[in-house]
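Enquirer: model this:
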Amino acid sequence: MTRPKTVLAHATLALAGLALALTAFAVVAPAAARASGGSGGGASPGGAGNDQGAGSGGGSTGAPGGGSPGSPSGALSATSTAWLGGIVRIQGNLGPGAAHQPILIERQASGGGRWIMTVRTTADDHGAFTATWRAGQAGRLTLRAEVQSSQAGTAQASDPALTTALTVYRPAVATWYGPGSTGRRTACGERMTRQLLGVASRTLPCGTQVAISYRGRTVTVPVVDRGPYSSATWDLTWATAIQLGFTGRQRIGTAIVGKGSAPPGSPPPSSSPAGPGGPGPNSAAGGAVAGG
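Expert: Alright, predicted model coming up:
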């Protein structure tokens, strides 16, 4: 009866040894796999190592100036439609040579003139930067970004500058007039037609170029008439209103973007609206006012 007991004991010992061997393999195998595969580029996203050597084309977070990952090197952009008193977001990338350098952003009005310091910021590891400016000047502007030199408020002449155009609109109330004025001469000497693009202004010289923004649509038209003869600031011709999708009496954005010259015989701009008698005989703006 002792022989079966001996066989059972040997079997129990064999099973125990097998269990120990499997346990050891489960512990050793993953460690060996990690040791052999550590340089194979299988690191998880976000891990240290390869990410620290990223080139200038990669994104950047936590930059001193809040650099924008989407700004390609050599580019500058700003808010597409800006309003006087509103926030303009500016972003750009001067390249790796500008990394961690102070960036000076200036503005210049249309037609030239001096550059005005607008805002300062700092580039990130790749030369990218962002900045915000509360628009205090209406009109068509040019923005310029450069690395700031050691002399306060000046840019390094040896470094290339980035530029972009920006139009800042001034809010104003407008109406429109026509088409009952078709065929009449405007105060600026234009013949009123259903196709005449323009605006009436009480104060601007005839021919002054005015950029208008309304609900995402923009158009640039000249001053062609005097008016409006109401509390509104602008009177749009019928064709201008149609192009903008404008109806009634509403708020628009305007920016003076070009000078005009009054044709011979046109009335000078007035500093105040006409009286209750309405427009003078040389103006078409009072012919058929709609929305006024």
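
Enquirer: Alpha carbons of stretch 167-180, in PDB - could you do that?
Expert: Extracted C-alpha coordinates of stretch 167-180, given in PDB (Å, rounded to 0.1, in the frame of the first residue of the first chain):
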ATOM      1  CA  THR A 167      -9.200  96.600 -41.400                       C
ATOM      2  CA  VAL A 168     -10.800  98.000 -38.200                       C
ATOM      3  CA  TYR A 169     -14.400  99.100 -38.600                       C
ATOM      4  CA  ARG A 170     -16.300 101.800 -36.700                       C
ATOM      5  CA  PRO A 171     -19.900 101.000 -35.800                       C
ATOM      6  CA  ALA A 172     -22.500 103.300 -37.300                       C
ATOM      7  CA  VAL A 173     -26.200 103.500 -38.200                       C
ATOM      8  CA  ALA A 174     -27.100 103.400 -41.800                       C
ATOM      9  CA  THR A 175     -30.200 103.700 -44.100                       C
ATOM     10  CA  TRP A 176     -30.500 103.200 -47.800                       C
ATOM     11  CA  TYR A 177     -32.200 105.200 -50.600                       C
ATOM     12  CA  GLY A 178     -33.500 104.500 -54.100                       C
ATOM     13  CA  PRO A 179     -34.500 103.300 -56.600                       C
ATOM     14  CA  GLY A 180     -36.900 106.200 -56.900                       C
END
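
Enquirer: May I see the domains of the protein written out as residue ranges?
Expert: Following automatic domain parsing, the chain resolves into domains at 64-160, 170-290.

Enquirer: Switch those over to CSV, and while doing so, append mean neighbour count and mean pLDDT to every line.
Expert: Backbone N, C-alpha and C define where each C-beta goes, glycine included. Listed next are the domains of the chain as CSV, based on neighbours: other Cβ atoms under 10 Å; pLDDT from 0 to 100:
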stretch, mean neighbour count, mean pLDDT
domain 64-160, 18, 86
domain 170-290, 19, 83
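
Enquirer: Could you double-check that Pro228 lies in contact with Ala172?
Expert: No - the criterion here is Cβ atoms under 8 Å, and Pro228 misses it with Ala172 at 11.0 Å.

Enquirer: Which residues are in contact with each of those two?
Expert: Trp234 (Cβ atoms under 8 Å, 6 or more residues apart in numbering).

Enquirer: need the strands for the stretch 51-200 of the chain, in chain order.
Expert: For the stretch 51-200 of the chain, the strands defined by DSSP state E, counting those that start in this stretch occupy 75-78, 82-83, 87-93, 102-109, 116-122, 128-134, 139-147, 162-177, 199-200.

Enquirer: The fourth one versus strand 116-122: what angle between them?
Expert: Okay, so that is strand 102-109. Orientation check (axes from the mean of the first three to the mean of the last three Cα atoms, to 10 degrees): strand 102-109 against strand 116-122 gives 160 degrees.

Enquirer: Isn't Leu204 up against Ile256?
Expert: Yes - counting by Cβ under 8 Å, Ile256 is a contact partner of Leu204 at 7.3 Å.

Enquirer: and for the two, which residues touch both?
Expert: Taking Cβ under 8 Å, 6+ apart as the contact rule, Leu204 and Ile256 both touch Val210.

Enquirer: that older thread, how about the strands of the stretch 51-200 of the chain, which one is nearest Gln250?
Expert: Across these, Gln250 has its closest neighbour in strand 162-177 (6.6 Å, Cβ to Cβ).

Enquirer: What strands flank that closest one, and is each parallel or antiparallel?
Expert: Under the criterion DSSP bridges, strand 162-177 sits next to strand 82-83 (parallel), strand 139-147 (antiparallel), strand 234-237 (parallel), strand 250-258 (antiparallel), strand 289-290 (antiparallel) in its sheet.

Enquirer: So which of those is nearest Ile116?
Expert: With Cβ to Cβ, the closest approach to Ile116 among the strands paired with strand 162-177 belongs to strand 139-147: 9.3 Å.

Enquirer: who touches the closest one?
Expert: Against strand 139-147 from outside (Cβ under 8 Å, 6+ apart): 76, 78, 90, 92, 94, 98, 101-110, 115, 118, 123, 129, 155-156, 159-168, 211, 255-257.

Enquirer: With just CA atoms, put it into PDB.
Expert: Output of strand 139-147 as PDB, limited to C-alpha atoms (Å, rounded to 0.1, in the frame of the first residue of the first chain):
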ATOM      1  CA  GLY A 139      -9.300 102.200 -40.800                       C
ATOM      2  CA  ARG A 140      -7.200 100.000 -43.000                       C
ATOM      3  CA  LEU A 141      -3.900  99.300 -41.200                       C
ATOM      4  CA  THR A 142      -0.700  97.400 -41.800                       C
ATOM      5  CA  LEU A 143       0.700  95.300 -38.900                       C
ATOM      6  CA  ARG A 144       4.400  94.600 -38.700                       C
ATOM      7  CA  ALA A 145       6.200  92.100 -36.300                       C
ATOM      8  CA  GLU A 146       9.900  92.100 -35.700                       C
ATOM      9  CA  VAL A 147      12.400  91.000 -33.100                       C
END
